[in-house]
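S.K.: Below is the structure, and that's it, no one-letter string:
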């Protein structure tokens, strides 16, 4: 029995190093797959969250516009901002002016909302990652139609190849029709 134990040879140092090298390559490739999968999941969650925020902002903006009696759009190309002041909008149980505006952010542009005050980057942010600041277009009422506000929210993160775009033409349901105003046209949503 002792003779059989003496005849067994172990692994040489070279065999051990080759085995460890092969195992290292296999483990590194498996780790790379896990890391790329985790990175893809994080990017997908960021895109999804940006899209959800844009849809939620559009819904809230749509409710404000439907309830408004009038609107004033202001564009300031020098500072890359635009805003729309919705007059006499339903806010909870009261009526107040609501202002929506775009402001520069670390991720492009952001959409903010302020009640009964000026809109700024300090106001409540509702959407981020917008690719442009010019998102509002207004057509005053005529004797043929109510006033309308076109809102175009293009959202794009670095990981997105094509921007996610929300566009809607919203009627100010509480606005008065005005026979003296000529009918305007809004740019069609893509």
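M.R.: Yes, it's here. Everything numeric in this text was worked out from a predicted model, so none of it was measured.

S.K.: avg pLDDT for stretch 18-27?
M.R.: Averaged across stretch 18-27, the pLDDT comes to 95.

S.K.: which other residues reach that stretch?
M.R.: The contact list for stretch 18-27, computed with C-beta atoms under 8 Å, 6 or more residues apart in numbering, reads residue 11. (Each C-beta comes from the backbone N, C-alpha and C, glycine too.)

S.K.: who's in contact with the most centrally placed residue in the chain?
M.R.: Centrality entry for the chain: nearest residue to the mean C-alpha point is residue 50, 3.6 Å, by C-alpha atoms, centre = their mean. For residue 50, the contacting residues are 127, 128, 129, 155, 157, 164, by C-beta under 8 Å, 6+ apart.

S.K.: Distance-wise, check it relative to residue 32.
M.R.: For residue 50, the distance to residue 32 equals 27 Å [C-beta to C-beta, to the nearest Å].

S.K.: tell me the strands in the protein, going along the chain?
M.R.: 70-76, 81-91, 94-105, 108-115, 124-130, 136-139, 148-155, 164-171 (DSSP state E).

S.K.: Tell me how far the first one lies from the chain's centre.
M.R.: Averaging C-alpha coordinates over strand 70-76 and over its chain gives two centres that are 22 Å apart (C-alpha atoms, centre = their mean, to the nearest Å).
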